[in-house]
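> sequence first, then the predicted structure:
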Amino acid sequence: MSSCAPFDIPTLEDLGVNPTVLEELSPVVEANKWLSEFSASVRDRATGSITDLFHQFGFWKDILALTWNFRTIRGLCLAEDSLLVFLRLCFEFETKQGQGKAIAFLVPTPDTQWKAWSLLTRLESLKGFPERFLTDGSPTVLIIGAGHTGLDIAARLKYMDVSVLVIDRSARIGDNLCLHDTVWFNQMPYLPFPSTWPVFCPAAKDWLEFYAKALELNVWLSSRVVKTSWNENAKTWNNEPVKHLVFATGYGGGFPKVPDIPRKGNGFHGILRPNNFTVEYSRKKVVVVGAANSALDIAMDPVRHNAEVTLNQRSSTYVISLDASISSLQGYSKRYNEHSSVEFSDLLSSALPWPSLLPLLRAETTHAASVDKGVPRSIIRGLESAGFRTNLGIDDGGVLPLIYARGGGLYVDTGASGEIIKGNIKIKSGCSIQRFTSVGLEFDDGSEMGCDVVIFATGYGESRDSIREVCGSEIAKQVGPIWGLDNEGELQGVWRRTGQPHLWIGMGT
């Protein structure tokens, strides 16, 4: 996101404010004063007065409430010892179309006035569409994907009296469930996780299957859309009652990204992908290609079966401990926990604009690395000594920049770091497989390695691959970019209008 401002995070030094003048001020009085002035300016449609209530470099984030889009508009141009002071207030509002909630972060000025550094306005519900029980009928919305996101969308639409059908190619709901976040972060509408459940919900609990049955969601399994096309005149898909098509197929559309590697001689046949492998590992030589969450989680399985495991790491990885990932700003436990509602936590998590959030993430990540809060330095030194290369994420920002940019590239340590340090998982880093040989692999550094099994955990392809498979290349091109941040710091293509009418993307929890 481009910026004409001299700073993105408003420290008191940058604001020119003496911290002693704040000691005599009442946060409640100042918050109410700002809200009263803001409400009056909105009511009177006094654009100039609204502008005066914002800091000249401040932000207004809107999620569907006023723009029917995800927008972040900035300012009037539409360090360790630094002091940072925010006065946060929350309020509800109403428009002609619906009800919303807002969060404002106020900062002081040198004359002790408080102005908005950021304001988030978010639509919560639509007028005329109360949530109620659905009568039977043909679906007007078809959701592809019966995972966490697909079922979440289906439940919301059902109780807004929208007829919806969910389809999934798997034989069971939840076959691909793998929660890397806490149950508080992964709560689903209408049916929260029981308070007695583990903090991390295991797939064996069959939660998604139970959820679909309990809410009586219309789900077809072992099914897929082979082809569909958009009828511009009827505004439907394939001349059916289906007016809206929702892809909830996960990051990368569910298509594994496997390098195209040539074979030498008779070729090597022990090639597996993370979504289709079943093998007896005992006493076998296993190579796992990849070095992030999936690869390291997969590598632990053959280690437990006494296999000889080598990890092929092609680029460095950000490593963070499980406890640190939960307790950090990026892990959201300060917001998502048993004491806070998921609705308010969601609102708060969206409140700060990306240019202001990134410096906070960077400061937290570098501080955690310096005081052993992210991963103990002894662990990092042990990994580096074993040949496993680490980093602090994109722009030293830790988890979130990696998630938003790449959807991965990190490892939340659940035990593999220790196995690497002990030598139970060997590392082959800084090179890639050049070709398969009759007995194993040849790398682009000229070295060779014998092995019995190669497992590719190299992530997923372009997010439009699933759209391209079902709707064709032209519609996939129309959709536009999916994931990654746009120039306003908002995620592209998901939970908002795409370039193709009546086609939507649901991705992420």
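Yep, it's here.

> please report the distance of Asp465 from Leu215.
According to CB to CB, to the nearest Å, Asp465 and Leu215 sit 30 Å apart. C-beta: built from backbone N, CA, C; applies to glycine.

> for Pro256, same thing?
31 Å.

> before we move on, what about Ser36?
42 Å.

> more neighbours: those two, which one.
Taking neighbours as other CB atoms under 10 Å, Ser36 and Leu215 compare with Leu215 leading, 16 against 10.

> what strand or helix carries the closest residue to that one other than its chain neighbours?
Distances taken as CB to CB, 6 or more residues apart in numbering place Ala155 nearest to Leu215, at 5.4 Å, with adjacent residues excluded. According to DSSP states H and E, Ala155 maps onto helix 148-158.

> could you pull out the buried residues of that helix?
Neighbour counts over helix 148-158 (16 or more other CB atoms under 10 Å) mark 148-155, 157-158 as buried.

> sorry, back to before: pretty sure the residue nearest to Leu215 contacts Asn218?
No: taking CB atoms under 8 Å as the definition, Ala155 is not a contact partner of Asn218, at 10.9 Å.

> what helices or strands is the helix or strand harbouring Glu343 leaning on?
Under DSSP H and E, the secondary-structure element containing Glu343 is helix 342-349. Helix 342-349 sits against strand 98-108, with contacts defined as 3 or more CB pairs under 8 Å, 6 or more residues apart in numbering; DSSP states H and E.

> sheet partners, orientation included, of the strand it packs on?
strand 87-94 (antiparallel), strand 114-126 (antiparallel) (DSSP bridges).

> just want the angle from the last one to helix 342-349.
With axes from the mean of the first three to the mean of the last three CA atoms, to 10 degrees as the criterion, the two stretches strand 114-126 and helix 342-349 enclose an angle of 140 degrees.

> for this structure, which helix or strand comes out least confident on mean pLDDT?
strand 271-272 (a mean of 58; mean pLDDT, DSSP states H and E).

> what's the first helix or strand after that one?
Where DSSP H and E defines the elements, the next helix or strand beyond strand 271-272 is strand 285-289.

> which stretches in this protein count as helices?
Ranges of helices within the chain are 12-15, 27-43, 47-52, 148-158, 207-214, 293-304, 322-327, 342-349, 354-370, 377-385, 399-406, 416-422, 465-471, 473-479, based on DSSP state H.

> using PDB, write out every CA atom in the fourth one.
Listed next in PDB are the C-alpha coordinates belonging to helix 148-158 (Å, rounded to 0.1, in the frame of the first residue of the first chain):
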ATOM      1  CA  HIS A 148     -14.800 -25.400   7.400                       C
ATOM      2  CA  THR A 149     -15.500 -22.400   5.100                       C
ATOM      3  CA  GLY A 150     -18.100 -24.000   2.900                       C
ATOM      4  CA  LEU A 151     -20.200 -25.200   5.900                       C
ATOM      5  CA  ASP A 152     -19.800 -21.800   7.600                       C
ATOM      6  CA  ILE A 153     -21.200 -20.100   4.500                       C
ATOM      7  CA  ALA A 154     -24.000 -22.700   4.100                       C
ATOM      8  CA  ALA A 155     -25.200 -22.200   7.600                       C
ATOM      9  CA  ARG A 156     -25.300 -18.400   7.400                       C
ATOM     10  CA  LEU A 157     -27.200 -18.600   4.100                       C
ATOM     11  CA  LYS A 158     -29.700 -21.200   5.300                       C
END
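
> so how far is Ala40 from the closest residue to Pro376 other than its chain neighbours?
Residue nearest to Pro376 in three dimensions, not counting chain neighbours: Ser321, with 7.7 Å by CB to CB, 6+ apart. From Ser321 across to Ala40, the span is 49 Å (CB to CB).

> of these two, who's got more company?
Ser321 (20 against 12).

> didn't the more buried one look like it was pressed against Tyr411?
No: no contact is recorded between Ser321 and Tyr411 when judged using CB under 8 Å, the distance being 10.0 Å.

> give me the number of residues near Gln187?
Neighbour count of Gln187, defined by other CB under 10 Å: 18.

> same question for the one 3 residues further on.
With neighbours defined by other CB under 10 Å, the count for Tyr190 comes to 13.

> the residue nearest to it when sequence neighbours are not counted: what's it in contact with?
Using CB to CB, 6+ apart and skipping the chain neighbours, the partner closest in space to Tyr190 is Ala155 (6.0 Å). Neighbouring residues of Ala155 by CB atoms under 8 Å, 6 or more residues apart in numbering: 188-190, 211, 215, 217.

> can I get the residues you listed in a markdown table including distance to Trp60?
Output for the contacts of Ala155, formatted as a markdown table (distance: CB to CB, whole Å):
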| residue | distance to Trp60 |
| --- | --- |
| Met188 | 30 |
| Pro189 | 28 |
| Tyr190 | 32 |
| Tyr211 | 36 |
| Leu215 | 36 |
| Leu217 | 37 |
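
> no further queries at this time; thank you.
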